[in-house]
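> coords please:
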Amino acid sequence: MNFPLVFLGIMWAIHLLKTVLDVNLVQFGVYPRVPQGLKGILFSPLIHSDWHHLISNSVPFLVLSVMIFFFYSRVAVRSFILIYVLTGLAVWLFGRRVFHIGASGVVYGLLAFVFWTGIFRRSLKSIVLALIVTFLYSGYFMGVLPNQEGISWESHLLGALSGVFTAFWYKNEIEADELPEPPSWEEEEADPPKYFLDRNVFDRKKGEDV
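All right, here's what the predicted structure looks like:
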């Protein structure tokens, strides 16, 4: 559960240093189909253009990551890493030839993971969580549309697809509280059969006659 706060703290620390030192870190973003741009797979979600960019990603990141680490603790770390890496790699392979920075691709991946886990697992918990994120972040679905100036819609779209894949990949690794409860009749110990006469009454009678 501490991981989301630690990761968020790293994002804020990097941006604070960037602001204080007045340095440009955009070169650490993903730059598609160029070997030097591969480092952005690791660093780009940690870098933001301004405070508004950072804050707008921080709130949904914290909500969604805490939700995953609390309710899907069994696969949380693996799911986060897979979404993180797949999103960056997909942007490097298919994105436009510009620097892509920010955690929004990861946010879309986490959002898609929670939603599609509800679709794939269909447990009560996962369905309720899917409905909650739909209510909170339904407007985010517009972010995957192309031709939005100054926005890496490819990161949004490819992050969402990474989340769908991750939800499918781990759909069978359910949590303990998602296991179906056994029917009540299986939990009750069967009563011993009752007989009108004692079962060995005839054996005892035979022994007495002899």
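
> what about the nearest residue to residue 101 once chain neighbours are set aside, how many neighbours?
The shortest distance from residue 101 to any non-neighbouring residue, by CB to CB, 6 or more residues apart in numbering, is to residue 29 (3.9 Å). In short, each C-beta sits where N, CA and C put it, glycine included. Using other CB atoms under 10 Å, residue 29 has 25 other residues around it.

> Now residue 29: phi and psi?
Dihedral pair for residue 29: phi -80, psi 180, per degrees, to the nearest 10.

> Surely it is in contact with residue 42?
No. Taking contacts as CB atoms under 8 Å, residue 29 lies outside contact range of residue 42: 10.8 Å.

> Tell me the spacing between the residue nearest to residue 101 and residue 133.
Note on residue 29: its distance to residue 133, by CB to CB, to the nearest Å, is 27 Å.

> swap in residue 83?
14 Å.

> Compare these two (neighbour count), which wins?
Ranked by neighbour count (other CB under 10 Å), residue 83 and residue 133 place residue 83 first, with 27 against 21.

> The more buried one should be in a helix, yeah?
Yes. Counting by DSSP: H, G, I helix; E, B strand; the rest coil, residue 83 is part of a helix.

> Quick check: chain neighbours aside, which residue is closest to it?
residue 109 (3.7 Å).

> Kindly report the same for residue 17.
residue 23 (7.9 Å).

> same check, this time on residue 115
Closest to residue 115 by CB to CB, 6+ apart is residue 130, at 4.8 Å.

> Now do the contacts for the one you found.
114, 115, 116, 117, 118, 119 (CB atoms under 8 Å, 6 or more residues apart in numbering).

> any idea which element the fourth one lies in?
In this case it means residue 117. Remark: residue 117 resides in helix 104-121, with elements defined by DSSP states H and E.

> per-residue confidence averaged over the helix or strand just after that helix?
With elements assigned by DSSP H and E, the helix or strand that comes after helix 104-121 is helix 124-137. On average, the pLDDT along helix 124-137 is 96.
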